[in-house]
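Student: all I have is the shape, not the residue letters:
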């Protein structure tokens, strides 16, 4: 006996049936499929149903295949001039703001009154989806690197070095300008 399931003897119900909290489920026994035609040249050929040509059938089967993989990425929300992102696990073939499998967090890129950009992450579920083979988008790699979940993304380090050099150059130019101004005022 399992939680919520009561297995019944095989004599009273067809095989592989169980009663779930008083509701019975009977497997429908379908007749076996007809034997394959021996006159057919290819015994694996699929015959098109009435009203469909073979090319339409091929297109139908190809559209049913959704291949691809799961991706953890940002789905844009919010409104004009006020972006807001949901962190989602979605199929890579789905549109950016389309269907997703699970929401894993949120990201508010605009600084609040304290100058903070807010990120909420469900790290347990992110760990689960990565373990299932989900891939990360580059913005998500950067966010998870900043959160300490992964090492920093190489572009984050490169951008930080560029910004540091730019600020050092600005400070140097400002100090040169400040040094040259008092000399000019003393001379005049």
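Tutor: Arrived safely. Computed from a prediction, not measured in an experiment: that's the story for all the values here. Residues are numbered from 1 along each chain as shown.

Student: quick check: phi and psi on residue 75?
Tutor: Main-chain torsions, residue 75, degrees, to the nearest 10: phi -110, psi 120.

Student: residue 177 now?
Tutor: phi -70, psi -40.

Student: then residue 84?
Tutor: Torsion angles, degrees, to the nearest 10, at residue 84: phi -150, psi 140.

Student: before we move on, what about residue 101?
Tutor: phi -80, psi -50.

Student: let's see the pLDDT reported for it.
Tutor: On the pLDDT scale, residue 101 is placed at 86.

Student: just give the number of residues close to it.
Tutor: Residue 101 is flanked by 15 other residues according to other CB atoms under 10 Å. C-beta here means a position set from N, CA and C on the backbone, and glycine is covered the same way.

Student: one more: residue 160?
Tutor: 11.

Student: renumber starting at 600 from here on
Tutor: With 600 as the first residue, the last one maps to residue 759.

Student: name the element it belongs to?
Tutor: helix 753-786 (DSSP states H and E).

Student: I'd like the average pLDDT over that helix.
Tutor: 85.

Student: how many neighbours does the residue lying closest to residue 740 once chain neighbours are set aside have?
Tutor: In this structure, residue 740 finds its nearest non-sequential neighbour in residue 752, 5.0 Å apart by CB to CB, 6 or more residues apart in numbering. For residue 752, the count of nearby residues is 19 (other CB under 10 Å).

Student: just the angle between whichever helix or strand residue 741 is part of and helix 753-786, please?
Tutor: In this assignment (DSSP H and E), residue 741 forms part of helix 737-746. With axes from the mean of the first three to the mean of the last three CA atoms, to 10 degrees defining the directions, helix 737-746 sits at 70 degrees from helix 753-786.
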